[in-house]
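> 3D model of this:
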Amino acid sequence: MPNFGTFELLYLQMKARLRQDAIVRSLRRNGTMTVAELADGIGASRRSVLRDIGALRDEGFVIHSEPGRGGGLQLDPRSLQTTARLSVAEVFALLISVASMRAAGGLPFANFADTGLAKIEAALPPDKLRDLRRFLDCLFVGKLSPEVDISDMGAMDPALLPAFETAFLERRCLRFGYRDAKGVFTTRHVEPQAMLILPPLWYLVAWDPARGAFRHFRMDRISRPAIGEGTSFQRRHVPFEDHVRPVRDLSR
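Next up is the predicted model:
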């Protein structure tokens, strides 16, 4: 059953994905590079780079190895056309980034972004597309009140999105540490119901069984998310304010 070990695994998987993306960019930009040069460039060990090269090859990237002095690794340009194995969380991250920028009124080249995302969605296998649509049904966008203080806004934990994927798609409780506006830290155990974007702030909207009410948690104040134990919960209707609407209703 998922626990804090799952959190660590998700975090390591995300770090590996970021390293692999950096390797592809470096090879595409520089042509031929040695393992040592790649390791130095992305700030990883030689062993990690070799492991990531193997993972990229498994995904369909053609990476040639030239031994000896003056040799190195080279990415076959034709392999760049290979469809990447994007996860539901990765595609969702792209979609919510576009949605949040549109809600904030700052999305240049919107038509190109929408066309590109539509192509990515079309390339997804049916099971991932179904999960993506269920994920999107939990996403809402609105406008932040000018009275809200954002001076202490921080960075969001990169483990949030993969944890949310499991919590929302499987309707599993989420456990995390939370620091409130006064700096008081508590451990929360909640039933995630929606994600709310009020640019520039992002909120997790959840039912708190201990309090018998909905609670809004600023995502930049959440730390160490983990899937809680127990059976799945029922999704509840969240009473949003009039200016909040589902992301699916945003004009494209």
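> sec struct for R19, please.
helix (DSSP: H, G, I helix; E, B strand; the rest coil).
> now do the contacts for it.
Residues in contact with R19, defined by C-beta atoms under 8 Å, 6 or more residues apart in numbering, are 42, 44, 48-49, 52. The C-beta positions use only the backbone N, C-alpha and C, and glycine is treated the same way.
> out of these, which are inside helices?
Among those, DSSP state H puts 42, 48-49, 52 in helices.
> which one of those is nearest E170?
D52 (28.7 Å; C-beta to C-beta).
> so what's the closest residue to the closest one other than its chain neighbours up against?
The spatial neighbour of D52 that comes closest, neighbours along the chain excluded (C-beta to C-beta, 6 or more residues apart in numbering), is Q20 at 4.8 Å. Contacts for Q20 (C-beta under 8 Å, 6+ apart) come out as 52, 55-56.
> ditto for K15
Counted by C-beta under 8 Å, 6+ apart, K15 has zero contacts.
> which of the three states applies to it?
Quick answer, by three-state DSSP: K15 is helix.
> from M101, how far out is it?
Distance, K15 to M101, using C-beta to C-beta, to the nearest Å: 26 Å.
> equivalent analysis for T186, please.
32 Å.
> neighbour count: the two, which is higher?
Ranked by neighbour count (other C-beta atoms under 10 Å), T186 and M101 place M101 first, with 16 against 9.
> are we agreed that that one is in a helix?
Yes: secondary structure of M101 (three-state DSSP): part of a helix.
> report pLDDT for it.
Note for M101: predicted pLDDT of 71.
> what do you get for V141?
pLDDT at V141 comes out at 89.
> what do you get for D249?
Reading off the model, D249 has pLDDT 66.
> again, but for D152
Model confidence at D152 (pLDDT) stands at 91.
> repeat for T6
In this prediction T6 is given a pLDDT of 43.
> helices along this structure, start to end?
So, for the chain - with DSSP H - the helices run 4-30, 35-42, 46-58, 88-103, 110-123, 126-136, 160-169.
> mind putting these in JSON lines, distance to K143 included?
Listed next are those as JSON lines, based on distance: least, C-beta to C-beta, whole Å:
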{"stretch": "helix 4-30", "distance to K143": "30"}
{"stretch": "helix 35-42", "distance to K143": "39"}
{"stretch": "helix 46-58", "distance to K143": "41"}
{"stretch": "helix 88-103", "distance to K143": "8"}
{"stretch": "helix 110-123", "distance to K143": "18"}
{"stretch": "helix 126-136", "distance to K143": "20"}
{"stretch": "helix 160-169", "distance to K143": "22"}
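> tell me which of these sits most buried.
Of the helices of the chain, the one with the most neighbours on average (mean count of other C-beta atoms under 10 Å) is helix 160-169, at a mean of 22.
> sorry, back to before: show me which of the ones in helices among the contacts of R19 is closest to K182.
Nearest to K182 among the ones in helices among the contacts of R19, with distances taken as C-beta to C-beta, is I42, at 39.3 Å.
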